[in-house]
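*Asks:* okay, predicted coordinates and the sequence, questions at the end:
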Amino acid sequence: MSNAALPPVAPLVQTLPAPEPDSTAPPLQVKLIGVPLDLGAGSRGANLGPAALRVAGIKRHLREMGLVVVDAGDVPVRFEEDAFTVEEARNAKHLHEIAETCTHLADAVHRSLAEGYFPLVLGGDHSVA
């Protein structure tokens with residue numbers, strides 16, 4: 001089937017109106033939690049994600065949406081280039097450091113929820129997801 005035989009997409013898409021905001025509901029409180037982790041990625045750089053989102057103004061954009069935003073900073077990420085053995089490198093790349101970071105993240109998310117905030121996690125590599 002050639003592209004010419006395909007129906008146009010635009011007429012099939014219907015734009016729905018945004019729901020009216022509930023003025024009686026308190027604004028959602030969001031706590032940003034950064035996880036500058038790239039140890040599970042094949043190449044370095046994903047650790048810059050939280051900082052890049054902050055520089056791009058994520059707090060301002062969320063506030064413009066009517067949200068209350070608190071930035072909890074970044075969870076600690078320990079990484080020492082020579083902190084793993086050759087056997088660990090063959091099997092699970094930086095497993096201990098990733099598990100430790102994910103434990104810090106779980107604690108931060110739990111604290112955020114206990115304080116009544118919606119935790120918004122800013123990553124990092126896929127091991128954070």
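*Replies:* Looks like it came in fine.
*Asks:* mind checking which helix or strand of the chain has the lowest mean pLDDT?
*Replies:* helix 86-91 (a mean of 57; mean pLDDT, DSSP states H and E).
*Asks:* low-confidence regions, this structure specifically.
*Replies:* For the chain, the stretches with pLDDT under 70 are 1-22, 80-91.
*Asks:* and the next helix or strand past the least confident helix or strand of the chain?
*Replies:* helix 95-114 (DSSP states H and E).
*Asks:* and the next helix-or-strand element following that next one, which strands flank it?
*Replies:* Moving toward the C-terminus from helix 95-114, the next helix or strand (DSSP H and E) is strand 118-123. Here strand 118-123 has these sheet partners by DSSP bridges: strand 29-35 (parallel).
*Asks:* how far off helix 95-114 does the strand it pairs with point, in degrees?
*Replies:* 170 degrees (axes from the mean of the first three to the mean of the last three C-alpha atoms, to 10 degrees).
*Asks:* would you mark the buried spots in strand 29-35?
*Replies:* Buried positions in strand 29-35, judged by neighbour count with 16 or more other C-beta atoms under 10 Å: 30, 31, 32, 33, 34, 35. In short, each C-beta sits where N, CA and C put it, glycine included.
*Asks:* how about the nearest residue to residue 39, chain neighbours excluded?
*Replies:* Leaving aside its chain neighbours, residue 39 sits nearest to residue 94 (3.9 Å; criterion: C-beta to C-beta, 6 or more residues apart in numbering).
*Asks:* separation between the one you found and residue 103?
*Replies:* 14 Å (C-beta to C-beta, to the nearest Å).
*Asks:* which of those two has more residues huddled nearby?
*Replies:* residue 94 (21 against 11; other C-beta atoms under 10 Å).
*Asks:* surely that one is in contact with residue 40?
*Replies:* Yes: at 6.9 Å, residue 94 counts as touching residue 40 under the criterion of C-beta atoms under 8 Å.
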